[in-house]
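Asks: pasted the sequence and its predicted model underneath.
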Amino acid sequence: MRYPLGFTLAQAGHRRKMNKAKRTRYPSVLMLEPLYTCNLACLGCSVERYSGKLADRMPLEQCFKAVEDCGAPIVNVCGGEPTLYPELKGLIEGLIERDKHILMCTNALRLDDKVYGVIPPSSRLFLMVHLDGLRETHDYVCNRKGVFDKAIAMIRKGKDMGYTIFLNTTVYRETKVEEVEGLCQMIDELRADGILISPGYEYESVERDIFLTGEQIHEKFKAIRDFSHRYKINATPMFLEFAAGLRELKCSPWSTVNYTPKGWKAPCYLIEGEGHHQDWETFWNDTDWEYWESRQDSRCQNCKMHSGFEHSAVEEAMKTVKGTLQLAAWSLG
């Protein structure tokens, strides 16, 4: 299967529950950023996400309250670099106790001493290791030599120890399509469980011009879509059509909500300048979801991020029998 069975069933069960309650907007994923501290300063990352002080991290109780307020079945633990969070073991254990599935996004530099042998493998814990190209490109994007080789070594070690590990690739201007396929070809060699591919979002605070224009996104993702059937790519067929410019989708910013050391970030983790809310009810009720769904804001024009559009792609696919069957076949592939 594209994802482990328990993960897929949790998503389906949550969707059925929300549909039964007649809710048209609901979060499926919580992006939980317990800290804004990182051991890298990647070229494609917003400054706030790697420059924070460790002392400003969230306590566990605050993390768990956000999880409970949100109610999403999937928690994406990110940051910052989550392996630097001193309470990481307690966070993962608490999320598993709450029946959550955890995607932990990491650059892999500290997996060997912060996760391996400290946090045991679990069917609910998925390590998402960033690889934004092959060695030269990835080290360039990470702004440090040796990061690619370390990540590869940590993937191999983690698989030997029984962890579920996915590759997580953001496509930038520097990323050659051949490199993306090269990473896809490495899935079997590394015994990884799949690869998530998404075009980078153009943060206003990033000075270097490494992002794709709309036309460049379409060009690269048309090529990626052409070879996607040969590999375990964790993006639905309809999302790849959207990224390739072959169809339009509205955004679903409410499907992946973001909680940070500053509070709930409106309307999503990508948009700067809209502020933060300290409580869930204010965030959920005061955000103009209809406006952000429309993508009329200038900051949304060049966005085709997985977090905003994969939910829309799934909902669109399930409107027809053909789309539902295509989605089912993809899930089982």
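Replies: Cool, got the structure. This one's a predicted model, so the numbers in the text were calculated from it and none came from an experiment. Numbering: from 1, shown residues only.
Asks: on the three-state scheme, Asp149 is what?
Replies: Of the three states, Asp149 takes helix according to DSSP: H, G, I helix; E, B strand; the rest coil.
Asks: doesn't Arg135 make contact with it?
Replies: Yes: using Cβ atoms under 8 Å, Asp149 makes contact with Arg135 at a distance of 6.9 Å. All C-beta spots, glycine's among them, are computed from the backbone N, C-alpha and C.
Asks: out of those two, which sits in the busier spot?
Replies: Set side by side, Asp149 and Arg135 show more neighbours around Arg135, with 16 against 12, by other Cβ atoms under 10 Å.
Asks: now the more buried one: how far from Asn258?
Replies: According to Cβ to Cβ, to the nearest Å, Arg135 stands 31 Å off from Asn258.
Asks: parallel or antiparallel, list what pairs with the longest strand seen in the chain.
Replies: The longest strand of the chain (DSSP state E) is strand 164-171. Note on strand 164-171: by DSSP bridges, its sheet partners are strand 125-130 (parallel), strand 195-199 (parallel).
Asks: lowest average pLDDT across the ones you listed?
Replies: Mean pLDDT is lowest for strand 195-199 out of the strands paired with strand 164-171, coming in at a mean of 93.
Asks: if we can go back for a sec, mean confidence (pLDDT) on the longest strand of the chain, please.
Replies: What strand 164-171 shows for mean pLDDT is 95.
Asks: output the contacting helices and strands for the following helix or strand past it.
Replies: As assigned by DSSP states H and E, the chain's next helix or strand after strand 164-171 is helix 177-190. With contacts taken as 3 or more Cβ pairs under 8 Å, 6 or more residues apart in numbering; DSSP states H and E, helix 177-190 sits against helix 147-160, strand 164-171, strand 195-199, helix 214-227.
Asks: could you pull out the helices for this protein?
Replies: With helices called from DSSP state H, the chain shows them at 5-20, 60-70, 88-97, 111-114, 135-142, 147-160, 177-190, 214-227, 237-243, 280-286, 289-294, 306-317, 321-332.
Asks: and the third one, what's buried?
Replies: Which is helix 88-97. 88, 91-92, 94-96 (16 or more other Cβ atoms under 10 Å).
Asks: ok, Thr169 to Ser298 distance?
Replies: Using Cβ to Cβ, we find Thr169 at a distance of 27 Å from Ser298.
Asks: what residues does stretch 13-29 touch?
Replies: Contact partners of stretch 13-29, identified using Cβ atoms under 8 Å, 6 or more residues apart in numbering, comprise 11, 70-76, 103, 252, 254-257, 289, 307, 311.
Asks: in PyMOL, how would I select the buried members of those residues?
Replies: Buried residues among the contacts of stretch 13-29 (16+ other Cβ under 10 Å), as a PyMOL selection:
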select buried, resi 11+70+72+73+74+75+76+103+252+254+255+256+257+289+307+311
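Asks: contact partners for the residue nearest to Arg225 when sequence neighbours are not counted?
Replies: Distance criterion Cβ to Cβ, 6 or more residues apart in numbering; nearest residue to Arg225, sequence neighbours excluded, is Leu240 at 4.4 Å. For Leu240, the contacting residues are 221, 224-225, 228, 233, by Cβ under 8 Å, 6+ apart.
Asks: which of these tops the neighbour count?
Replies: Neighbour counts for those (other Cβ under 10 Å) peak at Phe221, which has 28 neighbours.
Asks: who has more neighbours, Thr169 and Ser298?
Replies: Comparing Thr169 with Ser298 by other Cβ under 10 Å, the one with more neighbours is Thr169, at 23 against 7.
Asks: tell me what the more buried one is bridged to.
Replies: Judged by DSSP bridges, the bridge partners of Thr169 are Ile197.
Asks: next one, pLDDT for Glu48 please.
Replies: What the model reports for Glu48 is a pLDDT of 78.
Asks: burial check on the spatially closest residue to it that is not a sequence neighbour, number of neighbours?
Replies: Nearest residue to Glu48, sequence neighbours excluded (Cβ to Cβ, 6+ apart): Tyr36, at 5.8 Å. Counted with other Cβ under 10 Å, residues neighbouring Tyr36 total 23.
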